[in-house]
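Asker: Sequence and predicted structure are below.
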Amino acid sequence: MEVPLSRFHSFASDEIRSSNSSSSRGFPFSLPDSVFFSRRKWRRNNPFSRIRCSSAMEQGLKPRPKLQRLGTDAGERKVPVLEETQVRKPPTGGICNQIEKMVLYKRYREALELFEILELEGGGGCEVGGSTFDALVSACIGLKSIRGVKRVCNYMTRNGFELDLYLRNRILLMHVRCGMMIDARRLFEEMPERNLVSWNTIISGLVDCGQFVEAFRLFLMMWEESSDGGSRIFATMIRASAGLGLLFPGREIHSCALKMGVDQDVFVACALIDMYSKCGCIEDAQFVFDELPEKTTVGWNTIIAGYALHGYSEEALNLFYEMRDSGVKMDHFTFSIIIRICARLASLEHAKQAHAGLVRHGYGLDIVANTALVDFYSKWGRVEDARHVFDKMPSKNVISWNALIAGYGNHGRGDAAIEMFEKMLKEGMVPNHVTFLAVLSACSYSGLSERGWEIFESMRRDHKIKPRAMHYACMIELLGREGLLDEAYSLIRTAPFKPTANMWAALLTACRIHEDLELGQLAAEKLYGMEPEKLSNYIVLLNIYNSSGKLKEAAAVVHTLRRKGLRMLPVCSWIEVKKQARVFYSGDKTHAETKEIYRKVDEFMTEISKHGYVPEQKSLLPDVDEHEERILLYHSEKLAIAYGLISTSDGTPLQVVQSHRVCGDCHSAIKLITMVTGREIVLRDGSRFHHFKDGVCSCGDYW
């Protein structure tokens, strides 16, 4: 029995727009469980039986005609103009046949050039068939040529070609795929007849371009007309729910898919996994995945990406190994996801395994996976490995360049970052705002002020890119590094937009380094007001008030912390040794090797004291609480480094990650530790990367 959804007939589109909220009650429609849906198959007539094609006059593929502009050297022309005296035109039917064969071999540009002959001849008295227009539609889609779309449609109109439903759907698809959604909507509204393909095409186009609410409106209209749908339309509408971030309509569509018996379809199931993941219901996503009769590569990739999206990196990594053991083929997307997870976990060993698997499975030259590798190696102290992967890539996109430039910058190699930026421009790659963020950050990290200002000014002048707040934050940091605090504050005040938290944070860092308490207090208070729920801002402001003797204000901050129930969580550091991550807290004595670890700390602290190390009793504006100050000699990063030294062979580089900004005492100590041990230590703190080697840090003591 078919039950049309007539009660949804009169809802207004503005009611749907109001549903874009996290509450399911705001969504304007519901597909009730009591509705029974017909399982009848959608009957389609074969559209090819109605296509008339007169292009079978000639079966051989003729050489491409040479087109030449009159009075111009043929080697210099770009847009050919045909002259009767210059080109011997083959019969129109032969051209149609050649167009179809060109499209068959995916030589789309040549097919459209041959179509120009038909345009100039006006058909030549010979009918152009539906198969030729079908081929031209494929050529326009392949090239995403808006000009080609208009030429084909104008030719059809001028010659009075009558379209059947199949070709109308193809023309609609051509407009959708080429991004011409306004024209596509007009064509759809004017269609005298529609089928499921028509609805699928226009709704998918709306979802692809982010018009999710409008897609739901058309979906309800379609349902009223037919009360039927295939797996593709359900997968599309589930994507729309994910795009809106609304769980309620997604569950309703899931219910419909169950009743229609298409919930086991791989595309519907993968869309459901993605939707539940993006809406924060990872358990439901796991349930859908577990119910899959056959777990495909796409299904595994989707559930792994879902766990990674919500920060369940270890669970995602475990799923990857389950996928590998199940025998399912892994593709380049699988390895790209895993490499990004390894970057989050700072797991070099797992990343190396993923890299090896990437090569072993034949994806060693894939641009997406290799870009992820460049990003990973750049982030975790292996810049030379990143450059090696980058140089071997047969093709590179702007994301690949950005990853390497940012990698050089993060490790204090500003000159190398600028060199890569200039090489990128010479090779014709168009930079984007992320490129400029990477290179300006490199300049600020390395103190390359003059070059940084040149690049900043070239953004708008040469590349027509309007600087954003993130670029201003880089320039504020650049000024702050040089001690130009008044100029940095002036740049904040004169910015063409409201200053952001990152801009004030850059100024606060400069005030901490140059011990400007007054301006630092102003910056900290701004941060306190802009991010009232961020705990570290309270701690920074509290320590500023204590340092400047403003005890009344400090007491008010403590009162606010207690009233909101906020407290500083213990800071921690972790290090990976033999594929196992070890977590340390300041003053931690829970590890089995505690005695050896503390003995090693005492040993290297004694050794570095001989090289001038003196413990810092108090640093200006620390973002840790007083408990950290009381256990200065046994901070979490010192314990992690000590464990790394006793657990690895001499000369092995150490990778340490920590949840907070490294304090000045630990920063000074680690520099000297690398000098006396001959080890390289890469530390990723809450502010940036620190690459310690031979007693020097890549940050230049500015962080």
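Answerer: Cool, the structure landed.

Asker: my guess is Thr648 meets Glu576, correct?
Answerer: No - between Thr648 and Glu576 there is no contact under CB atoms under 8 Å: 10.5 Å. C-beta here means a position set from N, CA and C on the backbone, and glycine is covered the same way.

Asker: which one of these two has more residues nearby?
Answerer: Glu576 (20 against 15; other CB atoms under 10 Å).

Asker: Skip ahead from the helix or strand containing that one and say which helix or strand is next.
Answerer: Assigned by DSSP states H and E, Glu576 belongs to strand 572-577. Later in the chain than strand 572-577, the nearest helix or strand by DSSP H and E is strand 580-585.

Asker: roughly how far is that next one from the heart of the chain?
Answerer: Distance, stretch centre to chain centre, for strand 580-585: 29 Å (CA atoms, centre = their mean, to the nearest Å).

Asker: Partner strands of that strand, with direction?
Answerer: As defined by DSSP bridges, the strand partners of strand 580-585 come to strand 572-577 (antiparallel).

Asker: Going by secondary structure, the closest residue to Phe335 other than its chain neighbours is in what exactly?
Answerer: Counting by CB to CB, 6 or more residues apart in numbering, Phe335 lies nearest to Leu358, which is 4.4 Å off, once chain neighbours are set aside. According to DSSP H and E, Leu358 maps onto helix 348-360.

Asker: and that helix, what other elements does it pack with?
Answerer: Helices and strands touching helix 348-360, by 3 or more CB pairs under 8 Å, 6 or more residues apart in numbering; DSSP states H and E, are helix 332-345, helix 367-379.

Asker: mind checking the SS state of the spatially most central residue of the chain?
Answerer: Nearest residue to the geometric centre of the chain (CA atoms, centre = their mean): Ile399, 9.7 Å. Put simply, Ile399 is helix when judged by DSSP: H, G, I helix; E, B strand; the rest coil.

Asker: who's in contact with it?
Answerer: 371, 434 (CB atoms under 8 Å, 6 or more residues apart in numbering).

Asker: list the contacts for Ile303?
Answerer: Ile303 sits next to 273, 277, 285-286, 289, 319 when contact means CB under 8 Å, 6+ apart.

Asker: Low-confidence stretches in the protein?
Answerer: Across the chain, the ranges flagged by pLDDT under 70 are 1-93, 122-126, 227-229, 568-569, 617-632.

Asker: Now do the strands in it.
Answerer: Secondary structure of the chain by DSSP state E: the strands cover 572-577, 580-585, 654-658, 681-684, 689-693, 696-697.

Asker: Just send those back as a markdown table, with distance to Gly245 too.
Answerer: Formatted as a markdown table, those follow (distance: least, CB to CB, whole Å):
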| stretch | distance to Gly245 |
| --- | --- |
| strand 572-577 | 32 |
| strand 580-585 | 32 |
| strand 654-658 | 30 |
| strand 681-684 | 30 |
| strand 689-693 | 33 |
| strand 696-697 | 42 |
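
Asker: Looking at those strands, which is nearest to Trp300?
Answerer: Shortest distance between Trp300 and the strands of the chain, using CB to CB, is found for strand 580-585: 24.0 Å.

Asker: returning to that earlier point: single out the most deeply packed of the helices and strands packed on helix 348-360.
Answerer: Comparing the helices and strands packed on helix 348-360 by mean neighbour count (mean count of other CB atoms under 10 Å), helix 367-379 comes out on top with a mean of 25.

Asker: What about the contacts of Ile303, which one has the most neighbours?
Answerer: Ile273 (29 neighbours).

Asker: That one touches Phe289, doesn't it?
Answerer: Yes - counting by CB under 8 Å, Ile273 does reach Phe289; the two are 5.5 Å apart.

Asker: Touching both of the two, which residues are there?
Answerer: The contact sets of Ile273 and Phe289 overlap at 299, 302-303 (CB under 8 Å, 6+ apart).

Asker: So which of these belong to helices?
Answerer: Judged by DSSP state H, the shared contacts of Ile273 and Phe289 include 299, 302-303 as members of helices.

Asker: Including distance to Gly549, could the residues you listed go into TSV?
Answerer: Putting these into TSV (distance: CB to CB, whole Å) gives the following:
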residue	distance to Gly549
Gly299	62
Thr302	57
Ile303	56
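
Asker: Now flag whichever of those residues is closest to Asp183.
Answerer: Thr302 (33.2 Å).

Asker: So the closest one versus Asp486, what's the distance?
Answerer: According to CB to CB, to the nearest Å, Thr302 and Asp486 sit 53 Å apart.

Asker: got it, and Asp164?
Answerer: Taking CB to CB as the measure, Asp164 falls 74 Å from Asp486.

Asker: can you check Pro249 too?
Answerer: Taking CB to CB as the measure, Pro249 and Asp486 are separated by 54 Å.

Asker: ditto for Thr648
Answerer: 47 Å.

Asker: More neighbours: which of Pro249 and Asp486?
Answerer: Neighbours were tallied for Pro249 and for Asp486 using other CB under 10 Å; the higher tally belongs to Pro249 (24 against 11).

Asker: looking at it, that one is touching Phe216, isn't it?
Answerer: Yes - contact criterion CB under 8 Å: Pro249 and Phe216 qualify, at 6.9 Å.

Asker: okay, now the nearest residue to Leu507 once chain neighbours are set aside: neighbour count?
Answerer: Distances taken as CB to CB, 6+ apart place Ala523 nearest to Leu507, at 4.5 Å, with adjacent residues excluded. Ala523 has 29 neighbours, counted by other CB under 10 Å.

Asker: what sits against Ala523?
Answerer: Counting by CB under 8 Å, 6+ apart, Ala523 touches 504-505, 507-508, 511.

Asker: Equivalent analysis for Lys144, please.
Answerer: Lys144 touches 177-179, counting by CB under 8 Å, 6+ apart.

Asker: Make a ChimeraX selection of whichever of those residues turn out to be buried.
Answerer: One line in ChimeraX is enough to select the buried ones among these; burial here means 16 or more other CB atoms under 10 Å:
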select :177,178
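
Asker: Is it possible to get TSV of the contacts of Lys144 that adds distance to Ile367?
Answerer: What follows is the contacts of Lys144, written out as TSV (distance: CB to CB, whole Å):
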residue	distance to Ile367
Arg177	22
Cys178	24
Gly179	23
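
Asker: for the contacts of Lys144, which one is nearest Ile418?
Answerer: Closest to Ile418, out of all of those and judged by CB to CB, is Gly179, at 36.0 Å.

Asker: give me phi/psi at the closest one?
Answerer: Backbone geometry at Gly179, expressed as degrees, to the nearest 10, gives phi 80, psi 20.

Asker: Distance of it relative to Ile203?
Answerer: Using CB to CB, Gly179 is found at 16 Å from Ile203.

Asker: same deal with Ser609?
Answerer: As for Ser609, its distance to Ile203 is 71 Å (criterion: CB to CB).

Asker: coming back round to it: Asn432 is nearest to which of the strands of the chain?
Answerer: Asn432 lies closest, by CB to CB, to one member of those: strand 689-693, at 22.6 Å.

Asker: name the helices or strands packed onto the closest one?
Answerer: helix 664-677, strand 681-684.

Asker: Minimum distance to Glu349: which of the ones you listed has it?
Answerer: That would be strand 681-684 among the helices and strands packed on strand 689-693, by CB to CB, at 14.8 Å.

Asker: In the closest one, which of the residues would be classed as buried?
Answerer: In terms of neighbour count (16+ other CB under 10 Å), strand 681-684 has its buried residues at 681-684.

Asker: In space, what's closest to Met156 - neighbours in sequence excluded?
Answerer: Distances taken as CB to CB, 6+ apart place Phe133 nearest to Met156, at 6.7 Å, with adjacent residues excluded.

Asker: can you check Ala473 too?
Answerer: Spatial nearest neighbour of Ala473, excluding adjacent residues (CB to CB, 6+ apart): Asn502 at 4.3 Å.
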